[in-house]
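*Asks:* Below: sequence and its predicted model.
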Amino acid sequence: MKLLMLSWEYPPRIVGGLARHVYWLSKALAQRGVEVTVITLDYPETPGLEQGRNLKIVRVASHGFTSSDFASWVHQFNLNMIEAALEEEDVSLIHAHDWLTATAGITLKHLLRKPLIATIHSTERGRRRGVLHDPLQRHIHEVEWWLAYESWRVIVCSNYMKSELMRFLGVPEDKISVIPNGINPFEVKLQLDVRRVKRRYAEDWEKVVLFVGRMVYEKGPHVFVDAALSLLSRRQDVKFVLVGEGPMRKSLMDKVYRSGFWHKFYFTGFVEDIELYELYEVCDVAVFPSLYEPFGIVALEAMSVGKPVVASDVGGLSEVVVDGLNGLKVPPGDVWALSYAIERLIGNPSKAEEMGRNGAQKVRELYSWDVVGERTLRLYERVLQEYSSNPWKPKRPARKPF
Amino acid sequence: MWCELLILAVTWHIDGTIGSLVREDSKELANRGYDVAVLHPWHDDVSVREGGVMYRHVAITIKDNINIVTSVMAALGDFARAMSELFHERYDPSHVKLIISYEWTGSLLGSLAKKFLGRPLITSIYSVESMRSNEKSLLSLNIHGLEMRFLHYSDLIVARSGEAYARVLAEYRVPNDKAKMALSSRDMASIVMEVLESP
């Protein structure tokens, strides 16, 4: 089986979670014998072509042309992707990620007459809270609809996203496959001196409560800060560490400063994976108060390290966290409930530890890339089987007819 | 019933001045014994035969666009679908001998056909961006960049006016031997025949 995987980001070009997703998925598929060619965008000082065992990375130019707007830029690099993809022989199927590679995916589907599979990681209407404000947003929404329409199967990461596709894009339920994102449990278990690391952020007697996420409204960092301030009014043996960058960071730091509890907060900004792993190890509770969350990969990261989580009962987070088993769920935006849920866990370390163990087990069983790769491969096989009995095929060799 | 010398014409415009050129050129080539298939946007996805020319309509899916560049580029998938169906239902792709595209809009789509079919691409240019617009907006620069890219990707540029010819050479630095001028469809057809008959 030869697979063309289309993604606008792939390490070292990392814009969001998609790069890591495509990286680990391609690797897991290649390990299972699928011949994977990833067509992605270039990155400074990175080779245009990398060839490994069953895995080839082709990077096409993302620059060198003027673009009047974001969509024009996207369509132009899609043209470069199409040209690169047409160099590949004997393609069995095409897998496009998000609207950003829809033009290439749909065009290649028709030229090669091979099945197209799309993963839609989030939707424009979801990201815009249901309302499309300008021509660019409406254009993206329509391209997302088209991608879903043209795809043989559509993959989403959660039941929440499945319902979003059914509501916003009108995708029939039986065309959607839910395959969760995988996570890469921190592979290298460092010989960590937890006490020493903890002292970088907190006193020995303080509990550490961790927030990880972009400092944007939808991730709810403001809810976290308000809940923390509420908790600090009842007990002071807690330190709150916020990991992540974003436009809300400065205003939240100002708020914390004005509250008089500035010494109880630590804003780290963006941190490397190793430091993030250390923070997960030293924290007592990890908190994810998102207001919109298609999946919630950070919650899984915390769970993989054996930490109990407190999460909003929203979107994909709702499916990842089982209330009382591997964490606690609270209504999104409910400061009071969040504050008391955190207090409940830090006040009961043995229960918290048990939840952490349950979470780690769930991650191993359901969310490892091994599992996700296997489920994706099974879907490819199913699609190819359906395709084999379908009359829609190239009449002659799919390309280079001469 | 189809002859085996197929010319594939690709255009974004089927009305107005460019549309007239497309129709006249196609008719002239058909009169000279070529089977011409014209791909152009329309509201449906069917084929219509008129005066010896096959007009393959291309239904355009994406209606919410930001400007002409996103409109044309987002239609790549539609043109690919139409081309694929044309070859699947009516023609053998190996019978295509030449692709003709009209303006930058058509050449964008024609370049895709060239890449896929491996056949020469002739681009007909009635006007370039600097003839249509004096402004230096980002959109205008974007179109100019696309014109530059596709003019150089084409095997031959046929300017349809003296001014277009001069600008193709001066502004786009197209080499002299890659540019010709055709003021009528008869001239255009002669140039096409010359290319087809060349070794």
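*Replies:* Nice, thanks for sending it over.

*Asks:* Where do the domain boundaries of chain A fall?
*Replies:* Following automatic domain parsing, one finds the domains of chain A at A:2-182+A:368-388, A:194-366.

*Asks:* Chain B is nearest to which of those?
*Replies:* Chain B lies closest, by C-beta to the nearest C-beta, to one member of these: domain A:2-182+A:368-388, at 3.4 Å. Placement of C-beta: from N, CA and C, glycine included.

*Asks:* and the closest one, is it in reach of chain B?
*Replies:* Yes - using C-beta under 8 Å from any C-beta of the partner chain, domain A:2-182+A:368-388 reaches chain B at A:65-69, A:71-72, A:75-76, A:78-79, A:82-83, A:86, A:102-103, A:106-111, A:113, A:135-136, A:138-139, A:141-143, A:146, A:150.

*Asks:* Do me a favour and get the end-to-end distance for that domain?
*Replies:* 15 Å (C-alpha to C-alpha, to the nearest Å).

*Asks:* swap in stretch B:44-62?
*Replies:* End to end - C-alpha to C-alpha - stretch B:44-62 spans 13 Å.

*Asks:* go on, stretch A:339-358?
*Replies:* So stretch A:339-358: terminal residues 23 Å apart, C-alpha to C-alpha.

*Asks:* and it, average pLDDT?
*Replies:* For stretch A:339-358, the mean per-residue pLDDT is 96.

*Asks:* do stretch B:65-73 as well
*Replies:* 94.

*Asks:* what's the spacing between A:V38 and A:I14?
*Replies:* Look at A:V38 and A:I14: by C-beta to C-beta, to the nearest Å, they are 14 Å apart.

*Asks:* who's more crowded, the two?
*Replies:* Ranked by neighbour count (other C-beta atoms under 10 Å in any protein chain shown), A:V38 and A:I14 place A:V38 first, with 22 against 13.

*Asks:* isn't there a helix covering the more buried one?
*Replies:* No - assessed with DSSP: H, G, I helix; E, B strand; the rest coil, A:V38 is strand; it does not lie in a helix.

*Asks:* Show me what it bridges to in the sheet.
*Replies:* Note on A:V38: beta-bridge partners A:M5, A:I57, judged by DSSP bridges.

*Asks:* show me what contacts it?
*Replies:* Taking C-beta atoms under 8 Å, 6 or more residues apart in numbering or on different chains as the criterion, A:V38 is in contact with A:5-7, A:10, A:22, A:26, A:55-58.

*Asks:* Tabulate those (JSON lines), appending neighbour count and pLDDT.
*Replies:* Shown next, in JSON lines, are the contacts of A:V38 (neighbours: other C-beta atoms under 10 Å in any protein chain shown; pLDDT from 0 to 100):
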{"residue": "A:M5", "neighbour count": "26", "pLDDT": "98"}
{"residue": "A:L6", "neighbour count": "28", "pLDDT": "98"}
{"residue": "A:S7", "neighbour count": "25", "pLDDT": "97"}
{"residue": "A:Y10", "neighbour count": "26", "pLDDT": "95"}
{"residue": "A:V22", "neighbour count": "24", "pLDDT": "95"}
{"residue": "A:S26", "neighbour count": "26", "pLDDT": "97"}
{"residue": "A:L55", "neighbour count": "19", "pLDDT": "97"}
{"residue": "A:K56", "neighbour count": "18", "pLDDT": "98"}
{"residue": "A:I57", "neighbour count": "22", "pLDDT": "98"}
{"residue": "A:V58", "neighbour count": "20", "pLDDT": "98"}
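
*Asks:* how about those residues, which pair is most distant?
*Replies:* A:L6 and A:L55 (14.7 Å; C-beta to C-beta).

*Asks:* list the contacts for the residue found closest to B:V48 once you drop the neighbours it is linked to in the chain?
*Replies:* The spatial neighbour of B:V48 that comes closest, neighbours along the chain excluded (C-beta to C-beta, 6 or more residues apart in numbering or on different chains), is B:Y55 at 4.8 Å. Applying C-beta under 8 Å, 6+ apart, one finds that B:Y55 lies in contact with B:14, B:38, B:40, B:47-49.

*Asks:* Am I right that B:Y55 sits in a strand?
*Replies:* Yes - checked against three-state DSSP, B:Y55 lies within a strand.

*Asks:* so what's it bridging to?
*Replies:* B:V38, B:V48.

*Asks:* Quick check: phi and psi on residue 50?
*Replies:* Using chain A here. Main-chain torsions, A:E50, degrees, to the nearest 10: phi -130, psi 140.

*Asks:* was after chain B, sorry
*Replies:* phi -140, psi 120.

*Asks:* Around chain A, pick out the residues from chain B.
*Replies:* Residues of chain B lying near chain A (C-beta under 8 Å from any C-beta): B:61-67, B:69-70, B:73-74, B:76-77, B:80-81, B:83-84, B:87-88, B:92-94, B:108, B:112, B:115-118, B:137-139, B:141-142, B:144-146, B:149.

*Asks:* now, which of those lie within helices?
*Replies:* Taking DSSP state H, the ones among the residues of chain B next to chain A that sit in helices are B:69-70, B:73-74, B:76-77, B:80-81, B:83-84, B:87-88, B:108, B:112, B:115-117, B:138-139, B:141-142, B:144-146, B:149.

*Asks:* Low-confidence stretches in the chain?
*Replies:* You didn't say which chain, so I picked chain A. Along chain A, the model assigns pLDDT under 70 to residues A:185-191, A:396-402.

*Asks:* I was after chain B.
*Replies:* Using pLDDT under 70, the flagged stretches of chain B are B:1-5.

*Asks:* Quick one: the strands in it, in order.
*Replies:* B:6-10, B:35-42, B:47-50, B:53-59, B:96-102, B:121-125, B:156-159, B:179-181 (DSSP state E).

*Asks:* Distance check, the residue lying closest to B:K63 once chain neighbours are set aside against A:D370.
*Replies:* Nearest non-adjacent residue to B:K63, counting by C-beta to C-beta, 6+ apart: A:E142, 6.9 Å away. With distances taken as C-beta to C-beta, A:E142 is found 37 Å from A:D370.

*Asks:* same check, this time on A:L165
*Replies:* 26 Å.

*Asks:* Compare these two and say which is more crowded by neighbours.
*Replies:* A side-by-side neighbour count of A:L165 and A:D370, using other C-beta under 10 Å, places A:L165 first with 22 against 13.

*Asks:* Run through the residues that contact the more buried one.
*Replies:* A:120, A:123, A:148, A:154, A:156, A:171, A:176.

*Asks:* Quick check: the third one is in a strand.
*Replies:* This points to A:A148. No - counting by three-state DSSP, A:A148 falls outside a strand, being helix.

*Asks:* Tell me if I'm right that it and A:V154 touch.
*Replies:* Yes - A:A148 is within contact range of A:V154, at 5.2 Å (criterion: C-beta atoms under 8 Å).

*Asks:* Mutual contacts of the two, please.
*Replies:* Going by C-beta under 8 Å, 6+ apart, residues that sit against A:A148 and also against A:V154 are A:118, A:120, A:165, A:171, A:175.
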